[in-house]
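Trainee: Here is a sequence together with a model predicted from it:
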Amino acid sequence: MKRMIVSLTTSLFAVWLLFSLLLYILQPIFIYFPDNAVRMKPPGFGLHHETVTLTTADGVNINGWWLPHENPRATMLFLHGNAGNISHRLQKLQIYNRLGLSVLIVDYRGYGLSEGTPTEQGTYLDAEAAWAYLTQVRRIPARDIVLYGESLGGVIAARQASQVAAGALILESTFTSVRDMGKHYYPFLPVNLITRIHYPALEYIQAVASPVLVIHSPADEIVPYEMGRRLFEAASPPKDFLEIKGDHNGGFLRSGELYTDGLDQFIQKHFDQPPNRLES
């Protein structure tokens with residue numbers, strides 16, 4: 001009996017060790033889910049756009065769309081989540097256009113038509129290239145730019161906002177760190193030891209001086225609602241929290257006017273444009 005217990009314990013330890021090792025080695029596979037097929041384009045949603053190619057500081061060409069509004073209240077730099085590509089965000093782009101925003105949305109390296117392979121540092125460089133395009137090529141003042149990120153993109157947006165004087169930062173369904181997500185999903189593993197991709201949003205948001213809006217749903221089945229609350233608590237004033245309905249990816253649609261009105265009020269509060277309700 002004792003030999004059986006020892007054998008079982010040894011086998012369980014071997015499985016635990018193997019799984020930990022695989023998570024360490026294959027970590028990017030668990031974080032990045034790029035799709036290279038651009039299935040839809042803005043004209044199908046009634047949106048005018050220009051396709052842009054940006055070159056990052058390390059020489060990678062990334063693809064994006066510039067969607068100008070004829071009378072913009074502000075300009076949004078849209079940093080999407082860890083799956084799909086920019087063509088999967090057209091419903092959101094339509095909403096932001098109706099809210100009176102010009103938008104630049106880019107695909108990280110390895111996503112959509114962008115070159116390269118996604119890495120943590122690489123995604124940060126991608127955001128920096130997008131910021132440079134808006135401020136240097138389009139000559140849009142930093143104070144007129146809203147940094148917006150969904151899920152993983154929220155971490156990238158928070159990092160960018162910690163380094164520039166953006167007009168505002170919006171985080172939607174964003175996690176506090178990869179380490180915290182690992183502990184949530186794999187509490188039985190040595191997450192502190194095997195985490196090599198970090199995305200520490202909680203650290204970044206504490207260094208942000210811009211107004212912050214945190215959006216999260218209690219029904220989010222991927223990123224715990226509590227993480228959104230922690231990000232909000234860590235942010236400095238002025239800040240707002242918008243609680244929406246629905247799941248991680250579809251909450252903005254499920255919430256309808258709750259979502260759009262919340263964004264509209266935040267934009268009115270922090271930008272100098274006159275009140276501008278949703279356009280028909």
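Mentor: Great, that's in hand.

Trainee: Tell me what Tyr148 is bridged to.
Mentor: On the basis of DSSP bridges, Tyr148 is bridged to Phe78, Ile170.

Trainee: tell me the pLDDT at it?
Mentor: If you check Tyr148, the pLDDT there is 99.

Trainee: Does it touch Ala158 like I think?
Mentor: No: in this structure, Tyr148 is not within contact of Ala158 by Cβ atoms under 8 Å, at 10.8 Å. C-beta: built from backbone N, CA, C; applies to glycine.

Trainee: Let me see the contact set for the residue nearest to Ala130 when sequence neighbours are not counted.
Mentor: In this structure, Ala130 finds its nearest non-sequential neighbour in Val106, 4.7 Å apart by Cβ to Cβ, 6 or more residues apart in numbering. By Cβ atoms under 8 Å, 6 or more residues apart in numbering, the contact set of Val106 is 52, 54, 62-64, 78-79, 86, 114, 126-127, 129-130.

Trainee: Now the common contact residues for Tyr148 and Ala158.
Mentor: With Cβ under 8 Å, 6+ apart as the test, Tyr148 and Ala158 both reach Leu169.

Trainee: Now which of the contacts of Val106 would you call buried?
Mentor: With neighbours counted by 16 or more other Cβ atoms under 10 Å, these contain buried members at 52, 54, 62-64, 78-79, 86, 114, 126-127, 129-130.

Trainee: Point out the ones among those that are inside helices.
Mentor: Those of the buried ones among the contacts of Val106 mapping onto helices are 126-127, 129-130, per DSSP state H.

Trainee: Which single one of the residues you listed is nearest to Pro42?
Mentor: Closest approach between these and Pro42, by Cβ to Cβ: Ala130, at 17.0 Å.

Trainee: Distance check, the closest one against Tyr111.
Mentor: Going from Ala130 to Tyr111 by Cβ to Cβ, to the nearest Å gives 13 Å.
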